[in-house]
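Trainee: Next comes the sequence, and after it the predicted model I'd like to discuss.
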Amino acid sequence: MKPIKAKFLASAIAIAAMAPMASAQTQIADGLINDMATVGVEVSSYEYLTTEDTAQIKAILESDKSSNRKAFEIEQIVDTSMTSQGVDFEIMTPESSLRDIVEGDLIAMGVEVDVDTLPFTQVAEIKGILESEMSSDDQKERIMAIIEG
């Protein structure tokens with residue numbers, strides 16, 4: 001066999017052998033992202049997490065800690081990892097997602113308020129009003145009463 005064909009064949013075999021490993025790593029990472037979501041931490045990509053980060057997150061998820069504690073510790077790992085790599089990101093937690101939803105609904109209603117300045121309990125109460133069957137005027141009146149306190 002000619003040397004070039006032998007090198008090409010060896011490269012092709014090596015690449016083919018690595019494909020299942022890459023697929024398995026992707027499945028593990030996708031599973032980890034799903035597991036993280038169960039404690040309220042949502043990330044869209046795992047590509048910036050190191051093998052060590054992944055192992056730490058897996059250990060936290062399998063621990064007996066509360067969901068809130070797990071979420072806090074995982075957020076710290078993700079934040080540190082991505083910040084050290086210069087990645088611009090935002091971790092979406094159930095609270096930040098709810099704030100974003102409520103803020104969008106309030107803008108659509110014509111209510112201007114910085115939702116991030118409201119206590120979470122008020123944001124949740126406003127969301128309940130927005131989902132109620134009362135008229136838009138009644139919703140707006142009740143929401144303004146909550147905001148103005």
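Mentor: Noted; the coordinates are in hand.
Trainee: Please tell me how far residue 35 sits from residue 60.
Mentor: 10 Å (Cβ to Cβ, to the nearest Å). The C-beta positions use only the backbone N, C-alpha and C, and glycine is treated the same way.
Trainee: Tell me which residues touch residue 109, please.
Mentor: Applying Cβ atoms under 8 Å, 6 or more residues apart in numbering to residue 109 gives the contacts 130, 136, 139-140, 143.
Trainee: For ChimeraX, write a command that selects the buried ones of those.
Mentor: Selecting only the buried entries of the contacts of residue 109 in ChimeraX, with 16 or more other Cβ atoms under 10 Å as the criterion:
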select :130,139,140,143
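Trainee: So which of the contacts of residue 109 is the closest to residue 106?
Mentor: residue 143 (7.2 Å; Cβ to Cβ).
Trainee: wouldn't that closest one be in contact with residue 127 here?
Mentor: No. Between residue 143 and residue 127 there is no contact under Cβ atoms under 8 Å: 10.1 Å.
Trainee: More neighbours: residue 35 and residue 60, which one.
Mentor: The residue with more neighbours, out of residue 35 and residue 60, is residue 60; 20 against 17, by other Cβ atoms under 10 Å.
Trainee: Quick one: residues contacting the more buried one.
Mentor: 70, 73-74, 77.
Trainee: could you redo the last one with a cut-off of 10 Å?
Mentor: 35-36, 39, 69-74, 76-77 (Cβ atoms under 10 Å, 6 or more residues apart in numbering).
Trainee: Give me the subset of those that lies in helices.
Mentor: Counted as lying in helices by DSSP state H, out of these, are 35-36, 69-74, 76-77.
Trainee: of all these, which two lie farthest apart?
Mentor: By the measure Cβ to Cβ, 35 and 76 form the most distant pair in these, at 16.7 Å.
Trainee: For the buried ones among the ones in helices among the contacts of residue 60, write the corresponding PyMOL selection.
Mentor: Burial among the ones in helices among the contacts of residue 60 is assessed by 16+ other Cβ under 10 Å; the matching PyMOL selection reads:
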select buried, resi 35+36+70+71+72+73+74+77
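Trainee: export the ones in helices among the contacts of residue 60 to TSV and tack on distance to residue 112 and pLDDT?
Mentor: Below are the ones in helices among the contacts of residue 60 laid out as TSV (distance: Cβ to Cβ, whole Å; pLDDT from 0 to 100):
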residue	distance to residue 112	pLDDT
35	38	82
36	34	81
69	36	80
70	36	84
71	31	81
72	32	80
73	36	85
74	34	85
76	34	84
77	36	86
